[in-house]
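Undergrad: how would this look folded up:
(2 chains)
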Amino acid sequence: MWFLVPILGLIIGTFLGSNISFQLPPIYIKYMSIAVLASLDSVFGGIKAIFEDTFDGTILLTGFFTNALLAALLAYLGDRLGVDLYYAAVFAFGVRIFQNLATIRHHTLTNYRQRKQRNRGVKNE
Amino acid sequence: MRKYVLPLTVVCIISGFFLAFQLKVQTKSTNYDAVSQKNANLINVIQALEKEIENQENQIETMRNQLNEIQNQNNKGKLQDLQQEIIQAKINAGLTPVIGKGIIITLDDNKEGLLNAPNDDPNKYIIHYEHLLNLVNELKIGGAEAISINGQRLVTTSEIRCVGNLILINTTRIAPPFEVCAIGSPKLMVESISLGQLDLLKTAHYPVALAEKENLTIPAYKGELQFKYAIPQ
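TA: Sure thing, here's the model as predicted:
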């Protein structure tokens, strides 16, 4: 039942985010969207790591913050230089999110099938 | 407790927060296009600055009233002459509301003309700042002693300036219909403008009205009149 706690966290975060009255200046919307992608990437990356038994909380958290900061810095640098490096960050995060999702799906399906087979095996005995 | 719960919860809270926040900002910003969003920011800036100007104008007004009170308290002997002089100077500078015989000219954009000719250049149908400038000039030639446009007293530092589809007078935005009040000899002023801008506007079918008034009040100038560079010679 522990998997419910992160979901509860997600709900709390959503609640906080939708109730905050802070106004973001329109120029920073771009950076904010990178932060969204970075955090989503971390969430799926974390779930994937759980399935693969390589989960490490420190790596997840540091990865999250450094990824978000680096992406924002890159986007800022791109803005200064007139190159849309912002899209590079979006692309990188997007690809990773899709890959992580695919891996998660793969693992869940495998787990499901294995369990089914085991159950059938128990019945047959 | 499993080891993944705490870090994953932290990341989940943050990502939920970001998601909801971004969603909120995005739904708000898709209601406008990028340009109007930029404009909204500028409008906020302008409105804040205008409020500041208004506050400062009110401050100037209260301070002027205080000054008047103090000056009125000390009118004994020699000071009385000086007092008189100050009052006269203030009237000349436009720092006091004045009342007197005068004319009111109301001008508006030629909306009907524009409706009848939708393919024509709309610039030909709106009142431009030059019209007001010429009108004021001619009123002055006709001996106007005090002039105001939409409640803005014209003083020596007043500008009449085009800002997009509005006109700026005393750094205040003015929009049509315009009401130009002028105190002075109605006959002379009417003659002066009738041979000039007023007739030009009439022939161009702008809705123009002219009225004489016995007790016309013109408000005082609300802004600052302080010279930093010009000193008496």
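Undergrad: which parts of chain B are strands?
TA: All strands of chain B, identified by DSSP state E, fall at B:98-107, B:146-149, B:152-153, B:160-163, B:166-169, B:172-174, B:178-183, B:208-218.
Undergrad: the longest one - contacts with which helices or strands?
TA: It stands for strand B:208-218. strand B:98-107, strand B:146-149, strand B:178-183, helix B:186-194, helix B:197-203 (3 or more C-beta pairs under 8 Å, 6 or more residues apart in numbering or on different chains; DSSP states H and E). Every C-beta, even on glycine, is put in place using the N, C-alpha and C of the backbone.
Undergrad: contacting residues around it?
TA: By C-beta atoms under 8 Å, 6 or more residues apart in numbering or on different chains, the residues outside strand B:208-218 that reach it are B:97-108, B:146-148, B:153, B:181, B:183, B:186, B:190, B:198, B:201-202.
Undergrad: list only buried entries from those residues.
TA: Among those, the ones that count as buried by 16 or more other C-beta atoms under 10 Å in any protein chain shown are B:98, B:102-103, B:105, B:107, B:146-148, B:153, B:181, B:183, B:186, B:190, B:198, B:201.
Undergrad: ok, so of these, who is nearest residue A:104?
TA: Distance to residue A:104 across the buried ones among the contacts of strand B:208-218 (C-beta to C-beta) is lowest for residue B:107, with 70.9 Å.
Undergrad: which residue packs closest to the closest one, ignoring adjacent ones?
TA: residue B:178 (4.6 Å; C-beta to C-beta, 6 or more residues apart in numbering or on different chains).
Undergrad: about what we covered before: and the helices and strands packed on strand B:208-218 as a markdown table, adding mean pLDDT?
TA: As requested, these are exported to a markdown table (pLDDT from 0 to 100):
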| stretch | mean pLDDT |
| --- | --- |
| strand B:98-107 | 93 |
| strand B:146-149 | 93 |
| strand B:178-183 | 93 |
| helix B:186-194 | 91 |
| helix B:197-203 | 88 |
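Undergrad: adding distance to residue B:162, write these out as TSV.
TA: What follows is the helices and strands packed on strand B:208-218, written out as TSV (distance: least, C-beta to C-beta, whole Å):
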stretch	distance to residue B:162
strand B:98-107	15
strand B:146-149	14
strand B:178-183	13
helix B:186-194	21
helix B:197-203	16
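Undergrad: could you find the closest non-adjacent residue to the closest residue to chain A within chain B?
TA: Nearest to chain A in chain B, going by C-beta to the nearest C-beta, is residue B:16, at a distance of 2.5 Å. Distances taken as C-beta to C-beta, 6+ apart place residue A:13 nearest to residue B:16, at 2.5 Å, with adjacent residues excluded.
Undergrad: after the host helix or strand of that neighbour, next one along is what?
TA: For residue A:13, the element it lies in under DSSP states H and E is helix A:4-19. Sequence order places helix A:29-52 as the next helix or strand after helix A:4-19, per DSSP H and E.
Undergrad: which strands or helices does the helix or strand following that following helix pack on?
TA: On the C-terminal side of helix A:29-52, the nearest following helix or strand under DSSP H and E is helix A:57-81. Under the contact criterion of 3+ C-beta pairs under 8 Å, 6+ apart, helix A:57-81 touches helix A:29-52, helix A:85-124, helix B:5-29.
Undergrad: relative to the whole chain's centre, how far out is helix A:57-81?
TA: Relative to the mean C-alpha coordinate of its chain, helix A:57-81 is positioned 14 Å out (C-alpha atoms, centre = their mean, to the nearest Å).
Undergrad: the residue nearest the centre of chain B bridge partners, please.
TA: Chain B has residue B:172 as the residue nearest its centroid, 2.5 Å off, counting by C-alpha atoms, centre = their mean. Residue B:172 forms beta bridges with residue B:169, as assigned by DSSP bridges.
Undergrad: look up how far residue B:131 lies from residue B:150.
TA: 14 Å (C-beta to C-beta, to the nearest Å).
Undergrad: for these two, indicate the residue with more neighbours.
TA: A count of neighbours by other C-beta atoms under 10 Å in any protein chain shown puts residue B:131 above the other of residue B:150 and residue B:131, at 21 against 17.
Undergrad: run through chain A and note the low-pLDDT ranges.
TA: A:1, A:123-125 (pLDDT under 70).
Undergrad: residues from it in reach of chain B?
TA: Contacts of chain A with chain B, taken as C-beta under 8 Å from any C-beta of the partner chain, map to A:2, A:5-18, A:20, A:24-26, A:29, A:32-33, A:35-36, A:39-40, A:42-43, A:46-47, A:49-50, A:55, A:57-58, A:60-61, A:64.
Undergrad: which among the residues you listed end up buried?
TA: A:5-6, A:9-10, A:13-14, A:17, A:24, A:26, A:32-33, A:35-36, A:39-40, A:42-43, A:46-47, A:49-50, A:55, A:57, A:60-61, A:64.
Undergrad: near chain A, which residues of chain B?
TA: Near chain A, when you scan chain B using C-beta under 8 Å from any C-beta, you find B:1-26, B:29, B:34, B:37-38, B:41.
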